[in-house]
Structure formats: structure tokens, C-alpha cells
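**Student:** A predicted structure for the sequence below; I have some questions about it.
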Amino acid sequence: MDNSTTAIFKAILGNAWTALPKPIQEMHDTSGDARMAGLASVERGRGIPARLIASLFRFPLEGTQIPVEVLITKTPGHETWLRTFGGRSFSSVLSAAAGRADQLLTERFGPFSFQIALVVEDEKLKYIVRNWKFCGVPLPRSWAPRGDTYESSKDGLFGFDIEIGHPLAGLIVKYSGNLAIAKLRPDA
């Protein structure tokens, strides 16, 4: 699989790439680092476990019409996504999985990693968690985070709907909105 600085999503999706709406393709096919900006709405879980998990991962606080900025920094085989919602930031590192998880996306938040299937359906790019690990140790799939998470085209812009829940904690965070490419920084 080609893990160059511009090919992670294209390589994982293969022929399905061409079925994606243009705003999703533009988001994932920049030739260098990228910055997107827009607005989002955020809902947080109400229970104590959900609030603790959301705080641990620094997920955004609840609100509407929150300014959001996403900075994507690309290095060979990896993309670091820094998401800032109203001044509160969290980040993850994305890469193409290898070995038995080939054709999956790996997203790493500190010691946690998630192997995610990317599925193109109804002009959406859906993210489905298949496996997860803590410090490299596999965790039970039945306890994996889940939710209705996808990217789409909303009014000609890149749209995102992210829902993260847990079988025991319930809803942890749900955020949605639009992003426009604000600035591209080509490879040096």
C-alpha cells in the first residue's frame, strides 16, 4: 500500500475513492499540510463516565455555532489531525493499517489505537471501528467505542458528523458541522 504523504485515504479506499463527493476528496487529497475552518455543534454525554472520558481525550465542550479549525500535518505514512473547537484542542494520528488489518485506517489517540473500516455508502464516507488497542494490547471488540460517524458534502462544503459512544458509558460526544479549506501549505 502506498503510504506517501498524499495517499492514505486513496490507497485504503482504492476504486471506491471515485464515488466520494468532491469536498471529501479535496479534504483528503491535499498535496501538503492543510488548514480547514468552519462551524460545529457539539453535544456531550451526561453521565459521569462519559464526562470523564470526554475530558481525558479533550473532546470539545457542548455548544452551537462553535468556531472549529482542523490542521492536518502530513509526514510519510501519517497524518496528524489537530482539531480546535472554540479554543479547545485535541489531536490524533492517522495511518494505513498493515498486516491482518490491511485496508483499514488506524487512528491513534495517545496510548489508544483504533482500526477503522472506511465504507463509501450513499455519498458518505462512513467510519466503522473494527478493533482497538491500549498500549498495543488488543481490547475486547464488544467494548469498542461506536457511533454513527461519517463525512459528507453539505452545501458544497466538507461535512462531518462524529458520534462517539461506549456500551457502558453511553454517548461520550457528538459533533457535526462544515469545513472549508482555508489555506494549503504545499510540500517543502
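**Tutor:** Yep, that arrived. Since we're looking at a predicted model, the values are computed, not measured.

**Student:** span of stretch 74-87 from start to end?
**Tutor:** Start-to-end span of stretch 74-87 (Cα to Cα, to the nearest Å) is 22 Å.

**Student:** typo on my end, it should be stretch 55-69
**Tutor:** 19 Å.

**Student:** what do you get for stretch 68-87?
**Tutor:** Stretch 68-87 has its terminal residues 8 Å apart, counting by Cα to Cα.

**Student:** hang on, isn't Trp17 packed against Ile8?
**Tutor:** No - under the criterion of Cβ atoms under 8 Å, Trp17 is not in contact with Ile8, lying 11.2 Å apart. Every residue, glycine included, has its C-beta placed from N, CA and C.

**Student:** looking at these two, which is more packed in?
**Tutor:** Taking other Cβ atoms under 10 Å, Trp17 and Ile8 do not tie; Ile8 has more neighbours (24 against 18).

**Student:** and the more buried one, what's its pLDDT?
**Tutor:** pLDDT recorded at Ile8 is 90.

**Student:** excluding chain neighbours, what is closest to it?
**Tutor:** Ala96 (5.4 Å; Cβ to Cβ, 6 or more residues apart in numbering).

**Student:** so, low pLDDT: which residues of the chain?
**Tutor:** Applying pLDDT under 70 to the chain flags residues 1-6, 31, 101, 183-188.

**Student:** where do the strands sit along it?
**Tutor:** 32-44, 63-75, 78-85, 88-96, 105-109, 112-121, 124-134, 137-138, 149-154, 157-166, 170-186 (DSSP state E).

**Student:** adding mean neighbour count and distance to Ile12, write those out as TSV.
**Tutor:** Listed next are these as TSV, based on neighbours: other Cβ atoms under 10 Å; distance: least, Cβ to Cβ, whole Å:
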stretch	mean neighbour count	distance to Ile12
strand 32-44	18	18
strand 63-75	16	15
strand 78-85	18	12
strand 88-96	17	6
strand 105-109	18	6
strand 112-121	18	6
strand 124-134	17	10
strand 137-138	9	21
strand 149-154	20	14
strand 157-166	20	18
strand 170-186	17	21
